[in-house]
Structure formats: structure tokens, C-alpha cells
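> just coords:
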């Protein structure tokens, strides 16, 4: 399966270490996930996306991009294709307007269910589906529900319920074969970020063991070095398929769980599906 990385912070931060330098950085994981990569970052509330069908660890563009990107919001993905050919059009993240999306998963028997799934998408979005993946279809199903409901948690719940009504429930066991339905994803519009555990593991971090800039950072407060309570304000949220090495402290999400930071950096965690 693929690998996901999402970052939302009150500070503009360079992402090179998370994507390239650590021993288990997302770029190095592309040795096992060789079917393309993408990085989305926001400048003046607008997403900028660079992606390639090449293996990230061997791609000089990936090395350059990950070294210079500095942003409040970043979403990165390395692909191990299950559906859809290896091409830029099928490479994550996908984007529409301010929204950017990356998926780690699969929809079982997608070809059989594609017509019914497309019926869940608002007609005005159909012409923007350029690739052949189940992931892009899932993205526009989510966007369809978001346009109906400003409560993003409710929109996600409705979208996942609609999909599983068509294809069957998503698999909760991360170790099952990739032919099963897995719906883990990260979704952001630059202001809010949401991550859903749809069976494939997602871990998150909202604080560090000890911030090396605690004596110089204007944004430093106790929450930078303490586990965040639900519905509390944080300075950053990092989401990754697996914990990354370094000073950030990581916690697993549960299958069916949604985590979010809103535009005021209020962190929340909620079980949408048992």
C-alpha cells in the first residue's frame, strides 16, 4: 500500500527531515512504494502540487522540492499502485480548488462498483476526474458531501457510509491483503486538516518530547511538550502512516477514527465507525 504524510502548524516549517532525512522518512519508504510521489504545500492559502510517476528516492525533483518547501500545511504521498496505471494523472495528491487529498487504500472490486460510486458524485465534479483510480473517485465523493455540509466530520461520515453501502464495509485489519477495501486518507483545504483511519494505520503527533526552540520560539507554550486533550488547541499536527524518527511523540489512531485540526488549530479526535 501507499504511504501518507500530513503536516499543519502555526509556524511555517521546512519538511526536509520528515520526507528525506530520517531513517524511515517517506522518501526512503519509496523503495517499497515505487509508483510515484506527490507533495502539496500551501502558499497564500493556495495549494501548490508537484508530483511524478518516478520513485521518490531516485527523483532529483523530490529531493529538491522537499528541501525548499516551507509552509504551514503540507501533504505528501508515495504510491504503491493497486488500481490504475502508473502515471502522473493517477499519482496523489489529488486537488480541486483549495482541497487536496491523498489515500492509502483500495476499493474492493472497484470496476464492478464504479458506476454506482460515480452516482454519489455531484455532476459538476465529474469532468474533473482525470485518472482511473478508486482514490480520485473517493476524493470527489468526499467533496460532494463537503459542499452539502460545512461540518467536515459529518461530511466524512456521510461519504464513508455512502461508499460502504455500495462496496461493503472497510477492513479493520491493517495486515489483510490489499485486495480488501481500505479507506485511510488525509484531506486538507490548507486551513483545516482531517485524517481518517479506514483500516490502514495512521499515527499522529501534536507535541514533542522537548522542543529545541523552546527558549526562542514566540509560539512556544506548554502544549508543545504535553499530550493534547481532545478539543484543545495545538501548535502542530503531524499525521503519518507510521511514526517517524525524531523528537515528536506519536500515537496511533483506531480504525474508524477521525482526527482533525480546524482553522484555529483546535485538535479533535472522534470515533465515527466502530
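Alright, I've got the coordinates. Just so it is clear, the structure is predicted and the values come from calculations on it, not from any experiment.
> what does the helix or strand hosting residue 237 contact?
Following DSSP states H and E, one finds residue 237 within strand 236-240. With contact meaning CB atoms under 8 Å, 6 or more residues apart in numbering, strand 236-240 is reached by 3-11, 13, 18, 26, 186, 193, 195, 202-206, 244, 248, 250, 259, 261, 265, 267. Where C-beta positions appear, they are placed from N, C-alpha and C, glycine not excepted.
> kindly give a single ChimeraX line that selects the buried subset of these.
Selection of the buried residues among those in ChimeraX, burial being defined by 16 or more other CB atoms under 10 Å:
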select :3,4,5,6,7,8,9,10,13,18,26,186,193,195,202,203,204,205,206,244,248,250,259,261,265,267
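> quick one: which of the contacts of strand 236-240 sit in strands?
3-11, 13, 186, 193, 195, 203-206, 248, 250, 259, 261, 267 (DSSP state E).
> sorry, back to before: give me the sheet partners of the strand holding residue 237 and which way each runs.
strand 3-14 (antiparallel), strand 203-208 (antiparallel) (DSSP bridges).
> for residue 89, see how far away the nearest residue in space to residue 107 that is not next to it in sequence is.
Distance criterion CB to CB, 6 or more residues apart in numbering; nearest residue to residue 107, sequence neighbours excluded, is residue 134 at 4.0 Å. Residue 134 is 14 Å from residue 89, where distance means CB to CB, to the nearest Å.
> can you give me the strands in this structure?
3-14, 37-43, 46-52, 70-78, 94-96, 99-106, 182-188, 193-196, 203-208, 232-233, 236-240, 248-252, 257-261, 266-271.
> the strands paired with strand 236-240: lowest mean pLDDT?
Of all the strands paired with strand 236-240, mean pLDDT reaches its minimum on strand 3-14 (a mean of 81).
> and the angle from that one to strand 37-43?
Interaxial angle, strand 3-14 versus strand 37-43 (axes from the mean of the first three to the mean of the last three CA atoms, to 10 degrees): 30 degrees.
> strand 3-14 vs strand 182-188, what angle?
Using the same axes, to 10 degrees: strand 3-14 against strand 182-188 is 20 degrees.
> leaving out chain neighbours, which residue sits closest to the residue nearest the centre of the chain?
The centre of the chain sits closest to residue 186, judged by CA atoms, centre = their mean, with a distance of 2.4 Å. Distances taken as CB to CB, 6+ apart put residue 6 closest to residue 186, at 4.1 Å, once the chain neighbours are dropped.
> enumerate every residue touching that neighbour.
Here residue 6 is in contact with 74, 75, 76, 102, 186, 188, 193, 195, 237, 238, 239, 240 (CB under 8 Å, 6+ apart).
> beta partners for it?
Residues in beta-bridge contact with residue 6 (DSSP bridges): residue 75, residue 239.
> next, format the strands of the chain as CSV and append distance to residue 157.
Output for the strands of the chain, formatted as CSV (distance: least, CB to CB, whole Å):
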stretch, distance to residue 157
strand 3-14, 19
strand 37-43, 24
strand 46-52, 24
strand 70-78, 21
strand 94-96, 20
strand 99-106, 16
strand 182-188, 12
strand 193-196, 9
strand 203-208, 19
strand 232-233, 22
strand 236-240, 18
strand 248-252, 21
strand 257-261, 8
strand 266-271, 9
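> nearest to residue 114, out of the ones you listed?
The closest of the strands of the chain to residue 114 is strand 99-106. By CB to CB, the value is 13.3 Å.
> and the closest one, what's buried?
Quick answer for strand 99-106 (16+ other CB under 10 Å): 99, 100, 101, 102, 103, 104, 105, 106.
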